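> Please find the sequence and the predicted model below.
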Amino acid sequence: MTSSSFDLFGSGMTSARTRERMVARLISQGIKDSRVLDVMRQTPRHIFVDEALAHRAYEDTALPIGHGQTLSQPYIVARMSELLLADGPRQKVLEIGTGSGYQTAVLAQLFGFVHSLERIKPLQEKARERLQNLGLHNVRLRHADGLQGLPGDGGYDGIIGTAASLGVPATLVDLLALGGTMVLPVGSSHQNLVLVHKGLDGAVQQQVIEPVKFVPMLGGVIG
Ligand code: SAH
């Protein structure tokens, strides 16, 4: 850890003013949910990337986080959060792909409790430190492969995938509560953001939202 990597308040290119400009851009890109905009205005995104990239943290771009993975661009984080919130507040949310922990931090401020899975241990450890520094304790991080599901678990009223799977994984649909919503990127070279809704009768409906570009969801864990 370097002294400035947990500079929670930031200055210059990492300041509250820079975050305000990011929020103005999100609004111009069509993000409407004021709860999402407020959380992204408050959350220091620059602590979720290496210090050398901190000055780029609020740009309209994905950024490398090591191990060939990326932190999604602000618009995508906002859009997925907004889609998950659309059916009202949700208590129990599952995230596949903790990565830097930024999306996890945003979710933890919008939902009752967030369970987040990451297959690459060193990424998970860094994310844990960042979330603790932000004082976000309604989060449980697990080193696990999300494609395997979570035996004995389930009843999530929201699920978010932050890596692209080839189809909608049945293991994740099974973990969704009746009335629950899942949002995730689906595809390989051409990907779409897909919204999955499980009705109160158990019927599953899918809706394509928009084209996206994510790293792939991969099986197995890396120590
Ligand atoms: N939400 C993250 C995005 C990280 S990129 C952020 O805000 O930074 C996607 C992440 O998903 C990567 O860290 C990758 O290791 C992880 N991942 C990919 N397949 C996975 C799987 N099957 N189970 C758990 N995590 C997975």
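Noted; the coordinates are in hand.

> Where do the helices of this structure begin and end?
Per DSSP state H, the chain carries helices over the ranges 16-28, 34-42, 74-85, 102-108, 121-133, 170-175.

> who wins for proximity to the ligand among the ones you listed?
helix 102-108 (3.6 Å; Cβ to the nearest ligand atom). All C-beta atoms are positioned from the backbone trio N, CA, C, and that covers glycine.

> average pLDDT for that closest one?
When pLDDT is averaged along helix 102-108, the result is 98.

> Only alpha carbons, please: show that helix as PDB.
Included here for helix 102-108 are C-alpha records, laid out as PDB according to Å, rounded to 0.1, in the frame of the first residue of the first chain:
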ATOM      1  CA  TYR A 102     -15.400  -0.500  -7.200                       C
ATOM      2  CA  GLN A 103     -18.800  -2.000  -8.400                       C
ATOM      3  CA  THR A 104     -19.000  -3.800  -5.100                       C
ATOM      4  CA  ALA A 105     -18.500  -0.500  -3.200                       C
ATOM      5  CA  VAL A 106     -21.300   1.100  -5.300                       C
ATOM      6  CA  LEU A 107     -23.600  -1.800  -4.700                       C
ATOM      7  CA  ALA A 108     -22.900  -1.900  -1.000                       C
END
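
> Relative to the whole chain's centre, how far out is that helix?
When distances are taken as Cα atoms, centre = their mean, to the nearest Å, helix 102-108 is centred 6 Å away from the chain's centroid.

> so does it get close to the ligand?
Yes - using Cβ under 6 Å from any ligand atom, helix 102-108 reaches the ligand at Y102, Q103.

> mind checking pLDDT for the residue lying closest to Q103 once chain neighbours are set aside?
Nearest in space to Q103, with sequence neighbours left out and distances taken as Cβ to Cβ, 6 or more residues apart in numbering, is V77 at 5.3 Å. On pLDDT, V77 comes in at 98.

> just to revisit the earlier point, and H67, which of the helices of the chain is closest to it?
helix 121-133 (6.0 Å; Cβ to Cβ).

> What mean pLDDT does the closest one get?
Mean predicted confidence for helix 121-133 is 98.

> got the contact list for that helix?
For helix 121-133, the surrounding residues in contact (Cβ atoms under 8 Å, 6 or more residues apart in numbering) are 1, 6, 8, 47-48, 65-67, 69, 98-101, 104-105, 108, 116, 118, 139, 141, 143, 221-223.
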